[in-house]
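*Asks:* Sequence and computational prediction follow.
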Amino acid sequence: MHRSTDTGLLDLPALSAAERLFIWGFRAKARSGSAVPTAADIKQVYDHFRVGDAVLSLESIIEIFACTAHTAIEVHCPTCPRMSDSEHGVLRAIAAAQQDRVDVAREQFERWLPPVGADWALAPVRGLATIFRMAGLILPDRHVQPFEHDRMMTMKSWLVGSATLH
């Protein structure tokens, strides 16, 4: 299907620079046990884009997921050009927070977190969204369709060591 008429999820190359920066940082922080990129690398890249202070919010969001999630979140490696449904949902939550649509952000986080976890996530989400906005990195509010069931089953059968990280 031609990209301009496709209503499905966008992959990383089709996203704006602000969206790609957020997703790269989110993925890198979520996979912090790997050697590359390091925490210093993430901070250096975010500093270059004048959003270095957002790294602390990013760490808080990842920690909230690690401690309270009731459902696994699918996070790809930092260089993967594909985007998971989960990553699109987190991106939509951050974009909504930039527009002070906290209800949409909270609704997105409740897909993976209990209500109290979603509440905890709102403060660092709003902080990160504000830091990005102040640096001129605006995240568009994309109304993407969730993965189709058949496509989700195909992804889950594509095993690369983990059902949630690859």
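*Replies:* That came in fine, so what should we check first?
*Asks:* rest of the way, CA atoms for contacts and neighbours
*Replies:* Noted.
*Asks:* who's in contact with K43?
*Replies:* The contact partners of K43, by Cα atoms under 8 Å, 6 or more residues apart in numbering, come to G52, V55.
*Asks:* Now do the closest residue to P124 other than its chain neighbours against V51, distance only.
*Replies:* In space, and not counting its chain neighbours, P124 is closest to S57: 4.6 Å by Cα to Cα, 6 or more residues apart in numbering. For S57, the distance to V51 (Cα to Cα, to the nearest Å) stands at 11 Å.
*Asks:* what about those two, which has more around it?
*Replies:* V51 (23 against 20; other Cα atoms under 10 Å).
*Asks:* Doesn't that one belong to a strand?
*Replies:* No: counting by DSSP: H, G, I helix; E, B strand; the rest coil, one finds V51 to be coil, located in no strand.
*Asks:* ok, it to P13 distance?
*Replies:* When V51 is compared with P13 (using Cα to Cα), they lie 21 Å apart.
*Asks:* For I23, give me its contacts.
*Replies:* Under the criterion of Cα under 8 Å, 6+ apart, the neighbours of I23 are P78, E87, L91.
*Asks:* Secondary structure element holding it?
*Replies:* Element membership of I23, judged by DSSP states H and E, is helix 17-30.
*Asks:* buried sites along that helix?
*Replies:* By neighbour count, with 16 or more other Cα atoms under 10 Å as the criterion, the buried positions of helix 17-30 are 18-30.
*Asks:* looking at the protein, which helix or strand is least sure?
*Replies:* helix 149-157 (a mean of 39; mean pLDDT, DSSP states H and E).
*Asks:* Now do the longest helix belonging to the chain: distance to the chain's middle.
*Replies:* Of all the elements of type helix in the chain, the one with the most residues (DSSP state H) is helix 115-134. In terms of Cα atoms, centre = their mean, to the nearest Å, the centre of helix 115-134 is found 12 Å from the chain centre.
*Asks:* which other helices and strands contact that helix?
*Replies:* Using 3 or more Cα pairs under 8 Å, 6 or more residues apart in numbering; DSSP states H and E as the contact test, the elements touching helix 115-134 are helix 54-68, helix 85-98, helix 102-109.
*Asks:* quick one: the residue lying closest to E87 once chain neighbours are set aside and D47, what's the gap?
*Replies:* Spatial nearest neighbour of E87, excluding adjacent residues (Cα to Cα, 6+ apart): V75 at 6.5 Å. Computed with Cα to Cα, the distance linking V75 and D47 is 23 Å.
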